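Novice: My questions are about this predicted structure, shown below with the sequence.
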Amino acid sequence: MLEKLFKLSERKTNVRTELMAGLTTFMTMAYILAVNPGILSGTGMDFNAVFFATAVAAGLVTIAMGLFVNFPIALAPGMGLNAYFAVVASQHGGQFSWQVALAAVFISGIIFIILTVTKIRQILVEAVPQGIKSGITVGIGLFITIIGLKLSHILVATVHTSPDVVKTMSQQNGFIDSLHFWDWDLKLGAITQHDTLVALIGLAIIAFLMAKKVKGALLYGIVITTLIGIPFKVTDLSHFSFALPKFDHLAVGALDLKGAFTTGIGTLILTFTFVELFDTFGTLVGTGQKAGLIDKSGKSPAIGRAMLVDACGVSFGALMGTSTVTAFVESAAGIGEGGRTGLTSVTTGLLFLASLILAPLFGLIPDAATAPALITVGLLMMSGIKDINFDDFSEALPAFLTIVMMPFTYSIANGVSAGILFYTFLKVVTGKANKVHWMMYLLTILVIYRYIALAAG
C-alpha cells in the first residue's frame, strides 16, 4: 500500500529510509514547539494554547503535504513571521490585538489560495531563472548553517562598546540596528563552553558517519549527541517528567475578522503575504531541487498542489491559533537523509501530533544536538553552486546576492528579492530585456515596493 501511495521504487527509496528521514526532519524542527509559544506568549496568548496550535497545525498540514503532494517537505509556524506577529500584537505597545493579527494571517492565507488556484504562484517557479534558483538552494544551505552555528554558539556576536551603551540600546527596539558596523562582530565562540564542545563532538560524529556512508547518519548523530550531552549537563534531565501539558485556554477560532476590517490592517496583511510568498517559494524550489523533484526549468507536476497545501496551511494555522505556517528549510535535513516522498512528511507530521503527549521526551533534545545536523545539511545543499554561470556577470551577481543575503540578513525573502531586482536590472541595461520573463518585471516592482515600505517603517 505504501509503495502504491508514495511511489517509493520510482523515486529509488524505501520505507526505512523515509521513516528515518521523517524523524530526522522532526528532530531538527522540534525547537519550534518551544520557541513559537515563547515568542507568541508575549502578545498575551496562553503558552500551552500556542504549543497546541503549533503541534496540530504543523502535524496536520505536513501530513497533507505528504498525502496529497507526495513531497518530503514539512511545514510549521515560521521563524521571523512569528517574531513580526509578536511585535505588532505585543502587550507592550503593539498596534493590534493578537486576535486581529491572527485574522490578518488568515486573510493572507486566502490571498495565497487565490494566487495558487489562478496558477500565478506556479508561474513564479518557471519565471525565475536557473541561476537564482541555484542560488536559492545554496543560500538556504548557508542559512541553515548559520542557524546551526548560532544554536551551538560556535558563532557568537561580540559588542565593542561600553556596557552602559549596550544596556541602553538593549532596552530599545532594533538593538543591533542601533550600533555602527564597527561596534560589533561575529566571532568564533569558546569551545570550552559545554554546549559548544558537545556540538563540535556531535559534528565530528556526524562527519564520521557521513564519510562512512552510514544510512541515518544525521539521526544517529542527533541521538548520540543528546546522550553525550547528559554528563556535560547540556541535555537537561532535571525537569523531565511525563506530565501532560494543560490545554485550558485554546485559541482555536479566536481570530477577530470583524476587528480586522475596522482597524486598518492592510499593511500587516501585505507584510505577511509578501514575506511568506518568497519564503515558501525559496524553500520549495531549494529543497525540491535538492530532492530531485523539480527540474532545472522549474517544472514539477506537483508544485501547484504543494503551493495549495501551503496556502491552506496558512489559514488553517490562524484558525488553530498560531502565526503563519510555512515550508521549513529544515526539511532539507530529511532530504539529506534520503527522504524523497511524502512518507517522510507524514512521518514528521505524525511526530508533531505525538508531541502533544511526548512533549517532555522531545524537549530533551538540546540545541547542541540538532546544530551539527543543520551545519551538515548546509554542506549537502552547496552542490547547486556548480549550476551557476559565473562567466556571465548578469547571471553571477544576482545569484551571488541571492546566496549571501539569506544568511547575512537572516531572511530567505531578502535573498530572493535581491536576486530578482539585480537580475532584471542587469538584463535591461545590457540589452537583454527580451530574455526576462514578464513575471520577473512584476516581481521587481513588488520588490521595490517592499524595500520602500521597509524604509518607510
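Specialist: Nice, I can see it.
Novice: So which elements touch the host helix or strand of Val404?
Specialist: Assignment of secondary structure by DSSP states H and E places Val404 within helix 393-409. Applying 3 or more CB pairs under 8 Å, 6 or more residues apart in numbering; DSSP states H and E, one finds that helix 393-409 makes contact with helix 130-151, helix 412-429. For the C-beta atoms, the positions are set from N, CA and C on the backbone; glycine is no exception.
Novice: I'd say Asp195 and Pro372 touch.
Specialist: No. Shown here, Asp195 and Pro372 do not form a contact pair, counting by CB atoms under 8 Å, at 11.6 Å.
Novice: Which neighbours do those two have in common?
Specialist: Jointly contacting Asp195 and Pro372 under the rule CB atoms under 8 Å, 6 or more residues apart in numbering are Ser152.
Novice: neighbour-wise, which of the two wins?
Specialist: Pro372 (27 against 22; other CB atoms under 10 Å).
Novice: Need the pLDDT of the more buried one.
Specialist: At Pro372, the pLDDT value in this model is 88.
Novice: Spit out the contact partners of it.
Specialist: Neighbours of Pro372 in contact, by CB under 8 Å, 6+ apart: 148, 152, 199-200, 202-203, 205-206, 221-222, 225.
Novice: So it belongs to a helix, correct?
Specialist: Yes. With DSSP: H, G, I helix; E, B strand; the rest coil as the criterion, Pro372 is part of a helix.
Novice: Okay, it and Val214: tell me how far apart.
Specialist: Distance of Pro372 to Val214, computed by CB to CB, to the nearest Å: 15 Å.
Novice: quick revisit: neighbouring contacts of the helix holding Val404?
Specialist: Residues from elsewhere that reach helix 393-409 (CB under 8 Å, 6+ apart): 129, 131-132, 134-136, 138-140, 142-143, 145-146, 282, 385, 388-390, 411-412, 414-420, 422-423, 426-427, 430, 432.
Novice: and that helix, average pLDDT?
Specialist: Regarding helix 393-409, the rounded mean pLDDT is 91.
Novice: then that helix to CSV, C-alphas only?
Specialist: Provided in CSV are the C-alpha atoms of helix 393-409 (Å, rounded to 0.1, in the frame of the first residue of the first chain):
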residue,chain,number,x,y,z
PHE,A,393,28.2,38.7,-14.8
SER,A,394,24.4,39.4,-15.3
GLU,A,395,23.8,35.9,-14.1
ALA,A,396,26.5,35.6,-11.5
LEU,A,397,25.8,38.8,-9.4
PRO,A,398,22.0,38.1,-8.9
ALA,A,399,22.8,34.5,-7.9
PHE,A,400,25.6,35.7,-5.6
LEU,A,401,23.3,38.3,-3.9
THR,A,402,20.6,35.6,-3.5
ILE,A,403,23.1,33.4,-1.8
VAL,A,404,24.8,35.9,0.6
MET,A,405,21.7,37.9,1.6
MET,A,406,19.9,34.9,3.0
PRO,A,407,22.4,34.1,5.8
PHE,A,408,23.7,37.6,6.4
THR,A,409,20.3,39.2,6.7
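Novice: Give the buried residues for that helix.
Specialist: Using 16 or more other CB atoms under 10 Å as the test for burial, helix 393-409 gives 394-407.
Novice: between it and helix 412-429, how many degrees?
Specialist: In terms of direction (axes from the mean of the first three to the mean of the last three CA atoms, to 10 degrees), helix 393-409 departs from helix 412-429 by 160 degrees.
Novice: Domain map for the protein?
Specialist: Per automatic domain parsing, the structural domains of the chain span 13-162+181-237+256-383, 384-456.
Novice: Do me a favour and get the end-to-end distance for the longest one?
Specialist: The reference is to domain 13-162+181-237+256-383. From its first residue to its last, domain 13-162+181-237+256-383 covers 21 Å (CA to CA, to the nearest Å).
Novice: follow-up on the earlier one: most packed of the helices and strands packed on helix 393-409?
Specialist: Of all the helices and strands packed on helix 393-409, helix 130-151 has the most neighbours on average by mean count of other CB atoms under 10 Å, namely a mean of 25.
Novice: The next helix or strand after that one - which strands sit beside it in the sheet, and in what orientation?
Specialist: Per DSSP H and E, the first helix or strand lying C-terminal to helix 130-151 is strand 155-159. Next to strand 155-159 in the sheet, as set by DSSP bridges, lie strand 184-188 (antiparallel).
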